[in-house]
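1. Need a 3D model of the sequence below.
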Amino acid sequence: MAGSEEKRIIARGLNPPGPLLLVKKRLDEFRGGRLRVIVSGEDAADELVTYFAGMDADVEIDRAGDDIHVVVDLTEFGEDA
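-> Numbering: from 1, shown residues only. All right, here's what the predicted structure looks like:
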C-alpha cells in the first residue's frame, strides 16, 4: 500500500443505499489504489464494509468527528479492471 494514491468519494448525508450506489457507479475509476468513502451513518458504513468484504478487499473503518471513513485497498483488483 505504500506509495499508492488514495482517492475519495464523499457520500456524507446520503442514506443507504445511496453511498453504495455511488461507489458502484464510480468503482472502475478507483481500481488499483486506495479508496476512502466518507459517510454520515453506521448503516451506510456497514453496507459498504459488507460489499467490499464480499470482494475480499481489505477494509478499515476510521472516524473523524461525526463522519465515518470506509477505507478500502483495491490494489489487488487493478490488473483485472
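
2. in the chain, what spans have low per-residue confidence?
-> 1-4, 78-81 (pLDDT under 70).

3. how about the helices of it, start to end?
-> With DSSP state H as the criterion, the chain has helices at 18-26, 42-54.

4. Show me what the shortest one is in contact with.
-> Under the criterion C-beta atoms under 8 Å, 6 or more residues apart in numbering, residues 9, 11, 14, 35, 37, 39, 44, 47-48, 51 lie in contact with helix 18-26. No exception for glycine: its C-beta is placed from N, CA and C like everyone else's.

5. go on, stretch 68-78?
-> With C-beta under 8 Å, 6+ apart, stretch 68-78 has contacts from 1, 4, 6, 30-42, 44-45, 48-49, 52, 55-63.

6. ok, which stretches of the chain are strands?
-> For the chain, strands defined by DSSP state E occupy the ranges 6-10, 34-39, 58-64, 67-73.

7. buried ones in the first one?
-> What it means is strand 6-10. Buried residues in strand 6-10, counting neighbours by 16 or more other C-beta atoms under 10 Å, are found at residue 9.

8. partners of that strand, with directions?
-> If you go by DSSP bridges, strand 6-10 pairs up with strand 34-39 (parallel).

9. The partner strand vs helix 18-26, what angle?
-> 150 degrees (axes from the mean of the first three to the mean of the last three C-alpha atoms, to 10 degrees).

10. how much does strand 34-39 deviate in direction from strand 67-73?
-> Per the same axes, to 10 degrees, the angle that strand 34-39 makes with strand 67-73 is 160 degrees.

11. ok, back up a step: dump the strands of the chain into JSON lines; add distance to residue 23 as well.
-> JSON lines is the format used below for the strands of the chain (distance: least, C-beta to C-beta, whole Å):
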{"stretch": "strand 6-10", "distance to residue 23": "6"}
{"stretch": "strand 34-39", "distance to residue 23": "6"}
{"stretch": "strand 58-64", "distance to residue 23": "12"}
{"stretch": "strand 67-73", "distance to residue 23": "9"}
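
12. Next up, the contacts around residue 16.
-> 41, 43-44, 47.

13. could you measure it against residue 64, distance?
-> As for residue 16, its distance to residue 64 is 20 Å (criterion: C-beta to C-beta, to the nearest Å).
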